[in-house]
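> Fold the following.
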Amino acid sequence: MKKQFILPLRLYHSLTTLLTLAFCCGVSSLLVYLLDSIAGLALELPAALIICSLLTVVSGALLLAWEAGYYIRPAQAVAEATKRVAKGDFGVRVPRPETYIGTEESYVLIENFNRMAKELQSIDHMQKGFTGSVSHEFKTPLSSIVGFSEILLEDGLSEGERREYTGLVHEEALRLSRLAENLLRLSRLDAQAIVMRHEEIAVDEQIRQCVILLAERWEAKGIAFVMDLPSMQIEGDPDLTKQVWLNLIDNAVKYSGEDSSIHISGRLAPHSICVRIRDEGIGIPEEKQAHIFERFYQCDESHREKGHGLGLSIVKRIMELLGGRIECQSQPGKGTEMVVALPLDSDKTCLLQIPGQ
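Prediction:
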């Protein structure tokens, strides 16, 4: 791309106007002189000034009108592109004018429009992918329910078979219920812009309560909890923080092996708290760690029947609302550690530094 000189619109307009008027005055004076000398009109000074002024006004108006059309070309290009965006074409982009001299405002307008179109295209792709994922997640359990219910309607089933198929229908129905509940929760979180409740939360006690609530899950696998939690008080929404601990501990239990341990530790920092939840499970490959907070993304296909890939998306959105941070540290075969940092004050949304890094 050739070198360009970018000027503010006011300066650019002032300079071009002065140059235009100077050019028109020079040309008009030259024409009057040629008329006077060649045609021998012997014009008096007042008449010459009048003719020169008229020529300057007419030629200046024509040139300034042409320049005005040049000024509005970027705006016209953006207006035409906006019409295409309004019709659903989010792939449209406005090219940057390749002129030697341009206005700063026109380039800012074009860059902001292209950024907006790119974001809309990304949102459109995400929405289509989200719709497809939701349809797929609903289709699988619904197909199972329809298939097993048709079998149950048939005659000749033993009592044991009937109970088995009824249990499978019940499990798939519960799976649908959990999916609908998580989608509703995620929808509410997406629509929420601020945290409405500001209460004192004893984080250490809340985490212990969440472990007890999930006792049926981890006791069945013989999992032991090793906790090192000092007294940690923060201000925030207790329902949101409780959802964070439930989702993270549930994930740790899900991916832990039999008779393993889950380690939960806490640490106080000057303006935040840090909670680490580490399991001894299968771990997450490095190339997959960047996607774990995406909706419906699941690292381990063998656990698809136990979840829908929405838990960490919910946690990520809650962290955004609370002004906190969450990071994943994992190695395949060595387990996964989720690190959560939350501000002590719910009104603070500072860039938190996770202690220990």
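
> Could you tell me how many residues sit around the nearest residue to residue 82 once chain neighbours are set aside?
For residue 82, ignoring the flanking residues on the chain, the nearest one in space by CB to CB, 6 or more residues apart in numbering is residue 113 at 7.5 Å. All C-beta atoms are positioned from the backbone trio N, CA, C, and that covers glycine. The number of residues packed near residue 113 is 20, by other CB atoms under 10 Å.

> same check, this time on the one 3 residues further on
Using other CB under 10 Å as the criterion, residue 116 is surrounded by 13 other residues.

> Validate this expectation: it resides in a helix.
Yes - inclusion of residue 116 in a helix is indicated when DSSP: H, G, I helix; E, B strand; the rest coil is applied.

> can you pull the buried residues of stretch 16-30?
The neighbour-count check on stretch 16-30 (16 or more other CB atoms under 10 Å) flags 16, 20-21, 24-25, 28-29 as buried.

> mind putting those in CSV, distance to residue 139, pLDDT and secondary structure included?
Supplementary listing: the buried residues of stretch 16-30 in CSV, determined by distance: CB to CB, whole Å; pLDDT from 0 to 100; DSSP: H, G, I helix; E, B strand; the rest coil:
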residue, distance to residue 139, pLDDT, secondary structure
16, 63, 73, helix
20, 67, 76, helix
21, 72, 75, helix
24, 73, 75, helix
25, 77, 77, helix
28, 78, 75, helix
29, 82, 75, helix
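
> Point out where the stretch 101-250 of the chain drops to low pLDDT.
101-102, 126-137, 192-193, 196 (pLDDT under 70).

> For it, which segments count as strands?
Secondary structure of the stretch 101-250 of the chain (DSSP state E, counting those that start in this stretch): strands at 101-103, 199-202, 224-228, 233-236.

> which residues sit against the longest one?
Residues outside strand 224-228 that contact it (CB atoms under 8 Å, 6 or more residues apart in numbering): 207-208, 211, 218, 259-266.

> Pull out the buried residues from those residues.
When neighbours are counted using 16+ other CB under 10 Å, the contacts of strand 224-228 contain these buried positions: 207-208, 211, 218, 260, 262-266.

> Identify, from those, the entry nearest to residue 50.
Of all the buried ones among the contacts of strand 224-228, residue 266 has the smallest distance to residue 50: 89.5 Å, by CB to CB.

> what packs against the host helix or strand of the closest one?
Following DSSP states H and E, one finds residue 266 within strand 261-268. The elements that strand 261-268 packs onto, with contact taken as 3 or more CB pairs under 8 Å, 6 or more residues apart in numbering; DSSP states H and E, are helix 203-213, strand 224-228, helix 238-254, strand 272-278.

> nearest to residue 72, of the ones you listed?
Across the helices and strands packed on strand 261-268, the minimum distance to residue 72, taken as CB to CB, is reached by helix 238-254, at 49.1 Å.

> Residue 339 is in contact with residue 272, correct?
No - between residue 272 and residue 339 no contact is recorded; they are 11.7 Å apart, counting by CB atoms under 8 Å.

> These two: who's more crowded?
Neighbours per residue, other CB under 10 Å: of residue 272 and residue 339, the larger number sits with residue 272, 24 against 18.

> where along this protein do the helices fall?
Counting by DSSP state H, the chain has these helices, from start to end: 9-38, 45-71, 73-86, 104-153, 159-191, 203-213, 215-220, 238-254, 286-289, 311-322.
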